[in-house]
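Participant: Here is a sequence together with a model predicted from it:
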Amino acid sequence: MSEMTRQQIGGLLARQGILVAFALFMIGFALANQRFIDPDNILGVIRSSAILGVMALGVTFVVISGNLDLSVGSMMSFSTIVVLDLHDKIGPALAIPAMFAMTLCLGAFIGFLVGYLKLNSLIVTLGMLSAIHGLTLTYSGGKNMDIADKEGTWFSIFGQGEALGIPVPILLFAALAAVLGIALAKTPFGRKVYAVGGNGTAATFSGIKRARVVFSCYVLSALCVAIAGLIQASRSLGSQNTVGQGMELEVLAAVILGGASLLGGSGTIFKTVIGVLILGFIQNGLLLVGLQFYVQYVVTWVIIILAVWLDIAAKRGKLWSPIA
Amino acid sequence: MKHRFALAATAATTALAGAAFAEGHGGTMRIGITQNNVGVDSYQTTYERAFIEAAEANDMVETVVLDAGGDVARQIAQMEDLIQQEVDAIIIWPTNGEAVIPAVRKAFQADIPVIVTNSNIAEPGFDFVASFSGPDNITQGQRSAEIMCDKFKEMGIEDEAKVVHITGQPGYTTAIERAQGFNDRLPEVCPNVEQIDQQPGDWNREKSQQVMEAFLVKYDDIDGVYAGDDNMGVGALNAAKAADRAEDIIFVGATNFAVGYEAMAAGEYWGSIYQSPVDDAQAALQTAIDVLNGEEVPFLNYFDTPKITQDNMDQFTKPVF
């Protein structure tokens, strides 16, 4: 009986090592500063993580399919700038679908290059990182975009609104995570994504159209970026052109932290969400502890490595595992 | 109105200068400029336009206007091109304060005076530079401290006020100097005001908003926020508004942006430092002309960046960036 329980606990640890790591950090920060677990603070952190989180959901699909997406940061800047600019020109009701259409086109273009021309995704999306940045700057002429009438627009609900006491960005993030989580885990499309990333040749022999799956993953990623851009734009109702700069690496860090393999074939939406929350709470926790900020970069890295190590160690069932 | 007058005066002197050089060289002066990254923000876009206009208004000056697009390698290549073209002077807006030093040294060895504009290069390169023309970030930080302190005195809370400080990107000279100016000056003018925290907002409105949200959770009592530029200041303001605490807090920034100007007009944001890209560009061109005319030019040739608050903002035009 006790054997069983121990095995069960061991199994749980192995599957959810990252969750254990998350719980440990939360307890640590809460001990360091009581206000860390203040409900307002927790809601605040999840709300500001929502933008990164939404982007990470899409990138999870791309990574599981065995590819990379480094363009999401500058694509988010693009969406944000476009929707803010169009808001004052054609009104929010038209600006939002127009921005979604443009962002999806970018995603489709990348998906086409990687899926149908079989170009290396690292090269394609690294190139798109600067190409889209250039596109944004050309579009805006380098100017900061601001909505003229900040008080009178309903556009602010996506970033600043609340429903049932919960900020809208969190609701959007949660809803999207639920839908995409089910899509990945329970639908034929999700299984194809795993198959393409896990063993492409076997996937082809099973009759899966790999190009189409890869293409869809990039379009999905662009959809998530568009939603993130919408939240970002609505939250500050104004933006500089570089708003998403560098976020591609944070997004990737969250996805990898969640345990998705860069080689493709493994990862889940749930764990990506945990990865996103760990990053968000580390940043907030270090601020509340009041560590000098130059040190924060180092500490952030240490915590991430610690989390990854705990996760891996739990999976292997041992802490020490040299390359043999 | 004073400020606009000063602008007009600068433009006029720019137009008049050049005579002395022409007597010695018997022709126009050719000045090359390699800019950091035109188009990346409205400041740099406006700067370029103002520079070209000022140069066109002056018959004695001919310019070669280049842009490095934020790329250090391209800027170094542009420096070499300008040296090859044997221009009379080179103005550089460094993409990187360290990496451009060898190129600046090359120009120095070719007897071409180099004027650094907007942000200075690193100290090892100072020997090769004729003059630096740009804003004085330390003074800007000091002036922000004075704006903050004066407002506290007006409100009668100069003996108990608590301030949080949001800096620019760690490691950037502008961020370090502004923070230093503010941190040094505040205790001099308001010795009893306490700065309770300082964290970076990375010049990013969203990041600054997150930092301010954490400050609001951490501290029940915040009377003032100093942000290294208005973009971050407005991010902090947004956070305070969302927490219903904006009315109790005095916001002071630097580099007055359009959003900061608007927030001041709305009575939500108290003050900032007015830094005009037009002044910046004209000062750089004027410095180059003065150097070529053999005039005494201070090594650090700052242009004035005045204080702007809700009280005097009607004397300034709304920034274009």
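Facilitator: Done, it's in.

Participant: Pull the contacting residues for residue A:250.
Facilitator: Residues in contact with residue A:250 (CB atoms under 8 Å, 6 or more residues apart in numbering or on different chains) are A:52, A:279. Yep, even glycine has a C-beta here, placed from its N, CA and C like the rest.

Participant: for the one 10 residues further on, same thing?
Facilitator: By CB under 8 Å, 6+ apart, the residues touching residue A:260 are A:60, A:63-64, A:266-268, A:271-272.

Participant: How about residue A:92?
Facilitator: A:153-155.

Participant: so which of those residues is the most crowded?
Facilitator: Ranked by the number of neighbours (other CB atoms under 10 Å in any protein chain shown), the contacts of residue A:92 place residue A:155 first, at 23 neighbours.

Participant: nearest spatial neighbour of that residue, skipping sequence neighbours?
Facilitator: residue A:92 (4.2 Å; CB to CB, 6 or more residues apart in numbering or on different chains).

Participant: Would you check how far apart that neighbour and chain B are?
Facilitator: Counting by CB to the nearest CB, to the nearest Å, the gap from residue A:92 to chain B is 19 Å.

Participant: how about the host helix or strand of residue A:61, does it get close to chain B?
Facilitator: Using DSSP states H and E, residue A:61 sits within helix A:39-64. Yes - counting by CB under 8 Å from any CB of the partner chain, contacts between helix A:39-64 and chain B involve A:40-41, A:44, A:48, A:51.

Participant: Report the next helix or strand after that helix in sequence order.
Facilitator: Once the chain leaves helix A:39-64, the next helix or strand it forms, by DSSP H and E, is helix A:72-90.

Participant: Helices of the stretch 51-200 of chain B, start to end?
Facilitator: B:72-84, B:101-109, B:137-155, B:173-189 (DSSP state H, counting those that start in this stretch).

Participant: And the second one, what's buried?
Facilitator: This points to helix B:101-109. B:101, B:103-108 (16 or more other CB atoms under 10 Å in any protein chain shown).

Participant: State the pLDDT value of residue 10.
Facilitator: Here I'm looking at chain A. On the pLDDT scale, residue A:10 is placed at 67.

Participant: wrong chain, I was asking about chain B
Facilitator: Reading off the model, residue B:10 has pLDDT 48.

Participant: swap in residue B:20?
Facilitator: 54.

Participant: Disregarding flanking residues, what is the spatial nearest neighbour of residue 146?
Facilitator: Looking at chain A here, since you left the chain open. Nearest one to residue A:146, counting by CB to CB, 6+ apart, is residue A:238 at 3.6 Å.

Participant: sorry, should have said chain B
Facilitator: Closest residue to residue B:146 apart from its sequence neighbours, by CB to CB, 6+ apart: residue B:189 at 5.8 Å.

Participant: What segments of chain A are helices?
Facilitator: Applying DSSP state H to chain A gives helices spanning A:2-15, A:17-32, A:39-64, A:72-90, A:92-111, A:121-140, A:157-160, A:168-186, A:188-198, A:200-205, A:210-236, A:247-257, A:269-289, A:293-316.
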